[in-house]
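> What follows is a predicted structure for the sequence shown.
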Amino acid sequence: MIKNKKTLVLGASTKPARYAFMAIEKLVEKGHSVLAIGQNAGEVAGIKIQTKAIPLKKIDTVTLYLNPTRQRDYYNYIVEAQPKRVIFNPGTENPEFYQLLKLNDIKVEIACTLVMLATNQY
């Protein structure tokens, strides 16, 4: 049995060609609880995409689909949520943010959420 890892998808999209969209679908398919924040409201796989920061409780993972410049707006939000880890998907690499997370005892993973899910490494 797979352990449910409550996950925030940051940079969520309603566009099926986007990796954030595919990640939400796969996370739901694998039985994880999903929260999603994106620029535009919408719904993917039954998950509502919020356009503003929402209260986070007991988050296991934050998976990023935002470029480093856009991530800055969420530094404090993510650190305060105290997730166990933050996944930096390809194109989201951000050494400045890695340091901040590590200082706050949050694990940094430079990986692809879709690959991790497909290979049961999530």
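That came in fine, so what should we check first?

> So for residue 30, what's the pLDDT?
For residue 30, the pLDDT comes out at 95.

> Could you do residue 3 as well?
81.

> Let me see the mean pLDDT of stretch 101-118.
Stretch 101-118 comes out with an average pLDDT of 98.

> can you dump the C-alpha coordinates of it into CSV?
Extracted in CSV, the C-alpha atoms of stretch 101-118 (Å, rounded to 0.1, in the frame of the first residue of the first chain):
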residue,chain,number,x,y,z
LEU,A,101,14.9,25.3,2.7
LYS,A,102,17.9,23.5,4.1
LEU,A,103,18.3,26.1,6.8
ASN,A,104,14.7,25.3,7.9
ASP,A,105,15.3,21.5,7.8
ILE,A,106,13.2,21.0,4.7
LYS,A,107,14.5,18.3,2.3
VAL,A,108,15.3,19.6,-1.3
GLU,A,109,14.8,17.2,-4.2
ILE,A,110,15.9,18.1,-7.7
ALA,A,111,13.8,15.6,-9.6
CYS,A,112,10.8,15.1,-11.8
THR,A,113,7.6,14.4,-10.0
LEU,A,114,6.2,12.5,-13.0
VAL,A,115,9.3,10.2,-13.2
MET,A,116,9.2,9.7,-9.4
LEU,A,117,5.6,8.6,-9.6
ALA,A,118,6.1,6.4,-12.6
